[in-house]
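In: A structural model of the following input is requested.
(one chain, ligands or ions: 1)
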Amino acid sequence: MTTRILTGITTTGTPHLGNYAGAIRPAIVASRQSDADSFYFLADYHALIKCDDPLRIQRSRLEIAATWLASGLDVERVTFYRQSDIPEIPELTWLLTCVAAKGLLNRAHAYKASVDKNVETGEDPDAGISMGLYSYPVLMAADILMFNAHKVPVGRDQIQHVEMARDIGQRFNHLFGKGREFFVMPEALIEESVATLPGLDGRKMSKSYDNTIPLFTSAKDMKDAISRIVTDSRAPGEAKDPDNSHLFTLFQAFATSEQSAEFHAALREGLGWGEAKARLFNLLDAELGEARERYHHFIERPAELEDILLAGAAKARAVATPFLGELREAVGLRSFREQVQVTTAGKKKAAKAARFVSFRDDDGSFRFRLLHAGGEQLLLSRSFADGKAAGQVSKQLQQGGELDIRSDAESFTLWLDDTCVADGPTFTTTEARDTAIQALRKALQPQGE
Ligand code: TRP
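Out: Predicted coordinates for the structure are as follows:
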């Protein structure tokens with residue numbers, strides 16, 4: 001059994017050292033476990049809720065994508081994509097919006113905090129609050145439920161959103177599942193052991209405190225930031241107190257236990273702060289120097305990143321497209337074709353009807369069979385890379401019209417626009433072959449003709 005792990009990164013900033021230690025590095029480590037099936041994505045639709053500066057959105061998407069790849073994310077193992085490349089996500093968002101209770105969303109912390117602030121300052125309670133902010137948890141539920149994630153690694157501030165995804169998913173299951181559980185119930189995963197890095201001033205490293213150490217911009221930027229780490233005023237030669245020094249905490253987050261023990265002892269023995277900062281820089285540069293080069297390689301070749309992300313989107317959509325098809329079916333957004341058969345064909349004709357059965361082959365490709373009412377196979381399609389292409393072909397076949405059937409001694413093939421799309425079974429006599437072709441033509445004739 002593999003565990004599907006899914007998490008999103010909102011694309012509004014440039015990753016710093018705290019993001020690396022707290023989220024990026026642990027996520028990459030987790031993705032390497034043999035039972036992990038990881039889905040990591042850039043939550044760029046979520047970014048639009050918080051930011052209306054197109055240049056910043058674009059820059060941040062690029063930087064975050066480059067950061068994850070430079071840090072060692074293996075896109076062969078992991079499905080890595082941009083949320084906005086998956087049209088099924090906003091579509092699912094709408095299906096979920098229609099079952100999400102407004103009262104549930106009224107209780108979302110982020111929305112409530114904005115209302116409280118407005119009330120405090122005497123504004124209209126909803127001043128400056130967009131529907132995007134209000135519906136934020138529904139979009140996030142769609143991100144999670146679309147791929148049936150088991151575990152969702154997030155910060156504490158996001159636990160409520162994962163719980164809401166469960167609520168909304170459960171309601172959908174209840175209303176439309178008819179005993180089937182469409183959605184897996186996701187669980188928030190809070191990594192207790194992961195380092196929350198202190199920033200330059202000792203408070204949590206965060207963009208909003210302006211106390212961050214840059215990750216990949218340049219060695220010089222990193223050195224400059226390290227030189228600004230606040231320390232006490234003990235002079236070189238005086239014993240330091242490493243256990244109360246956030247410089248030591250930062251060092252520890254990237255060092256082996258031997259390196260930490262050695263640094264600890266040196267500080268106790270009076271290592272000067274200037275020298276201590278130089279050692280911290282050397283440690284970080286040794287861990288991150290190569291990744292920094294890979295980062296700049298990607299930043300300078302955005303087309304390469306584009307290709308990687310589009311390939312990731314195709315992988316994600318191979319899951320999302322057929323699943324959304326089932327969900328549309330479940331809520332009643334169905335092809336009229338089936339209904340026409342039921343209502344106009346009458347019992348006799350319905351009994352004669354053939355049916356299309358789609359399935360996924362062992363190699364992951366999409367195919368379908370056309371089965372006669374009695375169960376015999378009339379056609380087996382060729383392989384299609386995605387469910388949509390397979391669906392389009394079967395749809396086109398159901399429209400009726402002239403069929404391009406090419407036969408040889410033992411079998412026949414079916415062609416659309418000069419491409420072979422399906423094969424017939426193998427026969428021992430040409431008579432049997434022709435009878436089958438006749439049956440096929442009949443099965444694909446529009447009803448009532
Ligand atoms: N809201 C998350 C955050 O700000 C980002 C996010 C969007 C997310 N969709 C998600 C996280 C789905 C986990 C799963 O951190």
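In: Need phi/psi at the closest residue to the ligand within the stretch 1-150 of the chain.
Out: The minimum distance from the stretch 1-150 of the chain to the ligand, using CB to the nearest ligand atom, falls at G8 (3.1 Å). Where C-beta positions appear, they are placed from N, C-alpha and C, glycine not excepted. The phi and psi values for G8, taken as degrees, to the nearest 10, are phi -120, psi 150.
In: burial measure for it, as a count.
Out: 22 (other CB atoms under 10 Å).
In: who's in contact with it?
Out: G8 makes contact with 40-43, 46, 83, 140, 143 under the criterion CB atoms under 8 Å, 6 or more residues apart in numbering.
In: Dump the residues you listed to a markdown table, plus secondary structure.
Out: Shown next, in a markdown table, are the contacts of G8 (DSSP: H, G, I helix; E, B strand; the rest coil):
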| residue | secondary structure |
| --- | --- |
| Y40 | strand |
| F41 | strand |
| L42 | strand |
| A43 | strand |
| H46 | helix |
| Q83 | helix |
| M140 | helix |
| D143 | helix |
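In: Could you identify which of these has the most neighbours?
Out: Within the contacts of G8, most neighbours by other CB under 10 Å means D143, with 27 neighbours.
In: so what's Y20 up against?
Out: 67, 71, 215, 288.
In: ditto for P214
Out: 14, 16-17, 221-222, 225.
In: make it 10 Å
Out: By CB atoms under 10 Å, 6 or more residues apart in numbering, the contact list for P214 reads 14-17, 220-222, 224-225.
In: Is there a quick PyMOL command that grabs whichever of those are buried?
Out: Filtering these down to the buried ones (16 or more other CB atoms under 10 Å) takes a single PyMOL command:
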select buried, resi 14+15+16+17+222+225
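In: Up against the ligand, what does the chain have?
Out: Counting by CB under 6 Å from any ligand atom, the residues of the chain close to the ligand are 6-8, 10, 43, 46, 140, 143-144, 152, 154, 158.
In: make it 8 Å
Out: 6-10, 41, 43, 46, 83, 136, 139-140, 143-144, 149, 152-155, 157-158, 161-162, 165 (CB under 8 Å from any ligand atom).
In: wait, isn't L48 in contact with T12?
Out: Yes - L48 lies in contact with T12 (CB atoms under 10 Å); the separation is 9.4 Å.
In: Overlap of the contact sets of those two?
Out: If you check L48 and T12 against CB under 10 Å, 6+ apart, the residues they both contact are I57.
In: more neighbours, these two?
Out: Legend: neighbour count by other CB under 10 Å for L48 and T12, higher for T12 (21 against 17).
In: Name the helix or strand for that one, please.
Out: Taking DSSP states H and E as the definition, one finds T12 inside no helix or strand.
In: what would the contacts of P214 look like in TSV with secondary structure and pLDDT?
Out: Output for the contacts of P214, formatted as TSV (DSSP: H, G, I helix; E, B strand; the rest coil; pLDDT from 0 to 100):
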residue	secondary structure	pLDDT
T14	coil	94
P15	coil	96
H16	strand	96
L17	helix	96
K220	helix	97
D221	helix	96
M222	helix	97
D224	helix	97
A225	helix	97
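In: Report the backbone C-alpha coordinates of the helix or strand encompassing A390 in PDB.
Out: Per DSSP H and E: A390 is located in helix 387-398. Extracted as PDB, the C-alpha positions of helix 387-398 are listed here (Å, rounded to 0.1, in the frame of the first residue of the first chain):
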ATOM      1  CA  GLY A 387      -8.700   9.400 -20.800                       C
ATOM      2  CA  LYS A 388      -9.900  12.400 -22.700                       C
ATOM      3  CA  ALA A 389      -8.500  11.200 -26.000                       C
ATOM      4  CA  ALA A 390     -10.000   7.700 -25.500                       C
ATOM      5  CA  GLY A 391     -13.300   9.300 -24.600                       C
ATOM      6  CA  GLN A 392     -13.300  11.500 -27.700                       C
ATOM      7  CA  VAL A 393     -12.800   8.500 -30.000                       C
ATOM      8  CA  SER A 394     -15.500   6.400 -28.400                       C
ATOM      9  CA  LYS A 395     -17.800   9.500 -28.600                       C
ATOM     10  CA  GLN A 396     -17.000  10.000 -32.300                       C
ATOM     11  CA  LEU A 397     -17.800   6.400 -33.000                       C
ATOM     12  CA  GLN A 398     -21.200   6.800 -31.300                       C
END
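In: Going C-terminal from it, what's the next secondary structure element?
Out: Next in line after helix 387-398, if elements are assigned by DSSP H and E, sits strand 404-407.
In: so what strands line up beside that following strand?
Out: strand 412-416 (antiparallel) (DSSP bridges).
In: Report all helices and strands that the helix or strand where E290 lies contacts.
Out: E290 belongs to helix 273-300 when assigned by DSSP H and E. Judged by 3 or more CB pairs under 10 Å, 6 or more residues apart in numbering; DSSP states H and E, helix 273-300 is in contact with helix 54-70, helix 219-227, helix 246-252, helix 257-268, helix 302-331.
In: Please repeat the previous calculation with a cut-off of 6 Å.
Out: helix 54-70, helix 219-227 (3 or more CB pairs under 6 Å, 6 or more residues apart in numbering; DSSP states H and E).
In: quick one: the first one to helix 302-331, angle?
Out: Yep, that's helix 54-70 we're talking about. Computed by axes from the mean of the first three to the mean of the last three CA atoms, to 10 degrees, the angle separating helix 54-70 from helix 302-331 equals 100 degrees.
In: what sits opposite the residue of the stretch 1-150 of the chain closest to the ligand in the beta ladder?
Out: According to DSSP bridges, beta-bridge pairing links G8 with F41.
In: Identify the residues contacting the closest residue to the ligand within the stretch 301-449 of the chain.
Out: In the stretch 301-449 of the chain, no residue comes nearer to the ligand than A316, which is 12.9 Å away by CB to the nearest ligand atom. Neighbour list for A316: 79, 81, 86 [criterion: CB atoms under 6 Å, 6 or more residues apart in numbering].
In: Make TSV out of the contacts of P214 and add distance to L414.
Out: As requested, the contacts of P214 are exported to TSV (distance: CB to CB, whole Å):
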residue	distance to L414
T14	54
P15	52
H16	58
L17	59
K220	65
D221	62
M222	62
D224	68
A225	65
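In: nearest to L379, of the contacts of P214?
Out: Minimum distance to L379 across the contacts of P214 is 51.3 Å, recorded for P15 (CB to CB).
In: Name the surrounding residues that touch stretch 296-303.
Out: 62, 66, 69, 305.
In: quick one: low-confidence ranges for the stretch 251-400 of the chain?
Out: By pLDDT under 70, the weakly predicted segments of the stretch 251-400 of the chain are 338-353.
In: so what are the domain limits for the protein?
Out: 3-100+135-195+301-331, 216-293, 336-443 (automatic domain parsing).
In: Turn the ones you listed into a markdown table, columns for distance to D116.
Out: Listed next are those as a markdown table, based on distance: least, CB to CB, whole Å:
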| stretch | distance to D116 |
| --- | --- |
| domain 3-100+135-195+301-331 | 16 |
| domain 216-293 | 32 |
| domain 336-443 | 45 |
